[in-house]
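Trainee: Based on what follows, work out the 3D shape:
(chains A, B, C and D)
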There are 2 protein chains.
Amino acid sequence: MTLTPGEERPLGGSPGDVLTLISAGSATTRSDLARLTGLARSTISQRVDALIECGLVQETVTGESTGGRPPRQLRLHTDNSAVAGVDLGATHCRIAVMDLTGRVLASAEDPLHVAEGPEVVLGHVEERVNALLLQAGRSRAALKAMGIGVPGPVEFATGRPNNPPIMPGWNDYPIPEFFSGTTVLVDNDVNVMALGEHRNAFPQRRYLLFVKVGTGIGCGVVADGRLHRGAQGSAGDIGHIRVSGHDHMGCRCGNSACLEAVAGGAALARQLTDLGFSAESGADVVALVQSGNTQALRLVREAGRLIGEVLASLVNFFNPEVIVIGGVLARVHEHLLAGIRETVYRRSLPLATHHLDIVPSRVGEDAAALGAGILAIEHYLSPDNINRIVNA
Amino acid sequence: MTLTPGEERPLGGSPGDVLTLISAGSATTRSDLARLTGLARSTISQRVDALIECGLVQETVTGESTGGRPPRQLRLHTDNSAVAGVDLGATHCRIAVMDLTGRVLASAEDPLHVAEGPEVVLGHVEERVNALLLQAGRSRAALKAMGIGVPGPVEFATGRPNNPPIMPGWNDYPIPEFFSGTTVLVDNDVNVMALGEHRNAFPQRRYLLFVKVGTGIGCGVVADGRLHRGAQGSAGDIGHIRVSGHDHMGCRCGNSACLEAVAGGAALARQLTDLGFSAESGADVVALVQSGNTQALRLVREAGRLIGEVLASLVNFFNPEVIVIGGVLARVHEHLLAGIRETVYRRSLPLATHHLDIVPSRVGEDAAALGAGILAIEHYLSPDNINRIVNA
DNA sequence: CACCTTTGTTCGGAAATCGACGGAAGTCTC
DNA sequence: GAGACTTCCGTCGATTTCCGAACAAAGGTG
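Mentor: Sure thing, here's the model as predicted:
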């Protein structure tokens, strides 16, 4: 037997596995499920009945006939449940209440300073989530899980920030415990953005890098369809990778020539200020570029080249299929991407770049909140969790 | 319910899962298995009987009593099976015939030029494997699978080399088909070295980088305990990452300042030749260092710094727990590692380096052959494959 | 030696699953 | 448009799988 290794493990037949097939859209009828799982049709019927009983699956219209009795379509029951995705930034809070398919039912954005500390911020989140649930017509009990993206490193397993530089008062704070009674997942904001971008725009790709170019520069890593967090959860922290030829540029981390110290939004704003223009943030840089300022344009393109230099290394090392560029600076992606593409395609190996796409964010500003919600959805819908629910 | 996400999926109770527990050493008795799987003792007995029936498990001595009837010890049946691990280098071929625990039963090393093409080389492998099986006292039928590491990129799923630069005549050659009747897995040599190093020396670590510093420089990536191959199977190709300040050094890839063009064994030999010393290969460089040549020593240490510069980036990006340095140049690791450590600990983020170990290879020259054998073992012992065997 | 603990097997019953059957609900053919 | 055909889905007995209680085995303990 000469077999092909790496083949996908055939799915089991547990209720959770069945629901996974339904929610992924791989199967919409009982026959589909029987074919995909290898279980008898009668067994599938029983599984589906149990899932309907638990309010997890809904029978909708009867579908199109293919020459016989038309199948009854199955789908996730989405009327009696919801999740919340929370995007905490340095100075804003964006929340989306979504159904289990990832559709946004209600959302809100507020200015909110993460520096005010966990109690204030999370209290605000709690309040806002409740209001959005009301607005979405869902009870508090319908909230199955909650995902939160925070602007700093987190120990994912416990939901505790790990020495976050811009979150004073949050170090080691057990965020999930604030929301007792609700399952809460906490991750780095760039990670959830990568997840949001992957699931919404590139679900069929297995290896994706999401690069956020904002005040700083970070990267979310999707490997084999799942988030790669690394040993300490600090994977993707590319802002302090050294770029060549800028040893005179100091960085707040104490080193010099860090990528974000020369190509981050804050760094570009500072350079423009030095040139006599008024810019304090990445958004100001974008505004200058959009107003036709050639110096700003030149700096953004050069930043693209520097980011591209780092990404070229990572392409050789990681061999992704897609690189998505997001963050404030992606608003002028035509200029940023030109520099990035130019450098990556020149400095990376042909085998790695041949099928590589480098594209601007397709999801945009909601990527983090959506990704946080998806984190919650995928946890709630995981086969193990569903099996627990069905057996109970 | 405030739960901890990321918890390990509880093992199922299929015969394959049971065997996994036994072969991993997690369980040595039927009681252990019952406790770990949650299955009834009677069911476990039945599973074990089936596995013994198939010749996969062996009952050995009765163990120590803990106050009651002493348990009968179970272990993998290793007398009737074998795998082969093949390490194909540019000019050598190393083969190990191993039992299913990874113990080497017989091994051999020959000079063999991979450039002679697939038929010659694989014919030699076939012959050698048969001889080693004889030497190990195993029949040809006992060979359950074979792993091969080759010096170039491979499409793992099909076992075809993908435009390998130093394997003329091998491009797209379907290596597994040469050995009809035997399951053959083919991977890049650095990947199998990483696997060999991980399984033998660091089995409990989840994230590991293995850096091979030989003629060129490559890297094998273990993420979450499994090999990361990337989208095109070219992940870990770090030899052509740019290092700063060496733009005058051209590389065979067409770019300049590539890591291996300034810090690889061939590059160091060339630099020593330019300085008037006689060195053609990495091994010659090592010999010069060992003979006390200060220029060679200086170059090796500087190479370590350059490699460290690249690794510092990768540590920030990937966040590994261990970096293992192997390859010929690792024979003088005290000098190479000094340069690497110095740079990595200076240029990487504290969170990522705090629990990071940078160590020389513990497995040594056999890592590739052992890793290739482990590839074969893990494929053969995978739950799916075992379930197939038991059900047949 | 009587009694306890732990291990492993046997066996009857419970539970899950299968597969055959039949009804439902369409399309296709003449 | 009637009947044949196809596909879908539930029902129900048969079968397989799995469990748990009882029992046997093999040692320790006092």
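Trainee: And for the closest residue to DNA strand D within chain A, the neighbour number?
Mentor: In chain A, the residue that lies nearest DNA strand D is A:G68 (1.8 Å; Cβ to the nearest atom of the strand). For glycine as for every other residue, the C-beta is placed from the backbone atoms N, C-alpha and C. Residues near A:G68, counting by other Cβ atoms under 10 Å in any protein chain shown, number 6.
Trainee: Need the three-state assignment for it.
Mentor: A:G68 carries the three-state label coil when classified by DSSP: H, G, I helix; E, B strand; the rest coil.
Trainee: DNA strand C contacts on chain A?
Mentor: Chain A has residues A:13, A:38-43, A:46, A:62, A:65, A:67-70 near DNA strand C, with proximity defined as Cβ under 7 Å from any atom of the strand.
Trainee: okay, those residues in TSV with pLDDT and secondary structure next?
Mentor: Formatted as TSV, the residues of chain A next to DNA strand C follow (pLDDT from 0 to 100; DSSP: H, G, I helix; E, B strand; the rest coil):
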residue	pLDDT	secondary structure
A:G13	81	coil
A:G38	90	coil
A:L39	92	coil
A:A40	92	coil
A:R41	92	helix
A:S42	93	helix
A:T43	94	helix
A:Q46	93	helix
A:T62	73	strand
A:S65	74	coil
A:G67	77	coil
A:G68	79	coil
A:R69	83	coil
A:P70	86	coil
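Trainee: List just the nearest of those residues to B:T343.
Mentor: Taking Cβ to Cβ as the measure, B:T343 lies nearest A:G13 of the residues of chain A next to DNA strand C, at 52.1 Å.
Trainee: OK, contacts around the closest one?
Mentor: Residues near A:G13 by Cβ atoms under 8 Å, 6 or more residues apart in numbering or on different chains: A:T37, A:G38, A:L39, A:T43, A:R47.
Trainee: Surely the first one is in contact with A:T20?
Mentor: No - A:T37 is not in contact with A:T20 according to Cβ atoms under 8 Å; the separation is 10.4 Å.
Trainee: re earlier: among the contacts of A:G13, which one has the most neighbours?
Mentor: Of all these, A:R47 has the most neighbours under the rule other Cβ under 10 Å, reaching 24 neighbours.
Trainee: Tell me which residues of the helix or strand that contains that residue come out buried.
Mentor: Take DSSP states H and E as the rule and A:R47 turns out to sit in helix A:41-53. Applying a neighbour-count criterion of 16 or more other Cβ atoms under 10 Å in any protein chain shown, the buried positions in helix A:41-53 are A:I44, A:R47, A:V48, A:A50, A:L51.
Trainee: can you check stretch A:380-392 too?
Mentor: A:Y380, A:L381, A:S382, A:P383, A:N385, A:I386, A:I389, A:V390.
Trainee: And what about the fifth one, helix, strand or coil?
Mentor: Spelled out, it's A:N385. Recorded secondary structure, A:N385: helix (three-state DSSP).
Trainee: what's the burial count for the closest residue to it other than its chain neighbours?
Mentor: Of all residues not flanking A:N385 in the chain, A:H379 sits nearest, at 6.8 Å (Cβ to Cβ, 6 or more residues apart in numbering or on different chains). Number of residues near A:H379 (other Cβ under 10 Å) recorded here: 21.
Trainee: Look up which helix or strand A:H379 falls in, please.
Mentor: helix A:367-380.
Trainee: ditto for A:I307
Mentor: Going by DSSP H and E, A:I307 is part of helix A:294-318.
Trainee: Surely A:A266 touches A:V213?
Mentor: No - with contact defined as Cβ under 8 Å, A:A266 does not count as touching A:V213 (11.0 Å).
Trainee: any common contacting residues for those two?
Mentor: In the contact map built from Cβ under 8 Å, 6+ apart, the residues linked to both A:A266 and A:V213 are A:G282.
Trainee: Just want to know which of these two has more residues nearby.
Mentor: Using other Cβ under 10 Å as the criterion, A:A266 and A:V213 rank with A:V213 on top: 30 against 18.
Trainee: Bridged to that one, which residues?
Mentor: A:V213 forms beta bridges with A:I217, as assigned by DSSP bridges.
Trainee: Contacts only, for it.
Mentor: Per Cβ under 8 Å, 6+ apart, neighbours of A:V213: A:263-265, A:282, A:303, A:307, A:325-330, A:336.
Trainee: In strands only, show me the residues you listed.
Mentor: Under the assignment DSSP state E, the contacts of A:V213 contribute A:I325, A:G326 to strands.
Trainee: on that earlier part again, may I see the contacts of A:G13 organised as JSON lines, with distance to B:R160 added?
Mentor: Below are the contacts of A:G13 laid out as JSON lines (distance: Cβ to Cβ, whole Å):
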{"residue": "A:T37", "distance to B:R160": "32"}
{"residue": "A:G38", "distance to B:R160": "30"}
{"residue": "A:L39", "distance to B:R160": "36"}
{"residue": "A:T43", "distance to B:R160": "40"}
{"residue": "A:R47", "distance to B:R160": "40"}
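Trainee: Show me which pair in the residues you listed is furthest apart.
Mentor: A:G38 and A:R47, at 12.8 Å, using Cβ to Cβ across the contacts of A:G13.
Trainee: Check the spacing between A:V328 and A:G276 real quick.
Mentor: Separation of A:V328 from A:G276 (Cβ to Cβ, to the nearest Å) stands at 22 Å.
Trainee: Counting neighbours, go ahead and name the busier of those two.
Mentor: Taking neighbours as other Cβ under 10 Å, A:V328 and A:G276 compare with A:V328 leading, 18 against 7.
Trainee: on that earlier part again, same list (the residues of chain A next to DNA strand C) but as JSON lines, adding distance to A:V120.
Mentor: Formatted as JSON lines, the residues of chain A next to DNA strand C follow (distance: Cβ to Cβ, whole Å):
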{"residue": "A:G13", "distance to A:V120": "48"}
{"residue": "A:G38", "distance to A:V120": "53"}
{"residue": "A:L39", "distance to A:V120": "51"}
{"residue": "A:A40", "distance to A:V120": "56"}
{"residue": "A:R41", "distance to A:V120": "55"}
{"residue": "A:S42", "distance to A:V120": "56"}
{"residue": "A:T43", "distance to A:V120": "52"}
{"residue": "A:Q46", "distance to A:V120": "50"}
{"residue": "A:T62", "distance to A:V120": "52"}
{"residue": "A:S65", "distance to A:V120": "58"}
{"residue": "A:G67", "distance to A:V120": "63"}
{"residue": "A:G68", "distance to A:V120": "61"}
{"residue": "A:R69", "distance to A:V120": "59"}
{"residue": "A:P70", "distance to A:V120": "55"}
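Trainee: Out of those, which comes closest to A:P161?
Mentor: Nearest to A:P161 among the residues of chain A next to DNA strand C, with distances taken as Cβ to Cβ, is A:G13, at 40.2 Å.
Trainee: Tell me which residue of the stretch 251-392 of chain A lies closest to chain B.
Mentor: Here the stretch 251-392 of chain A gets closest to chain B at one residue, A:N319, 2.6 Å apart by Cβ to the nearest Cβ.
Trainee: OK, contacts around that residue?
Mentor: Contacts for A:N319 (Cβ under 8 Å, 6+ apart) come out as A:Y207, A:A352, B:R229, B:G230, B:A231, B:Q232, B:G233, B:S234, B:A235, B:G236, B:D237.
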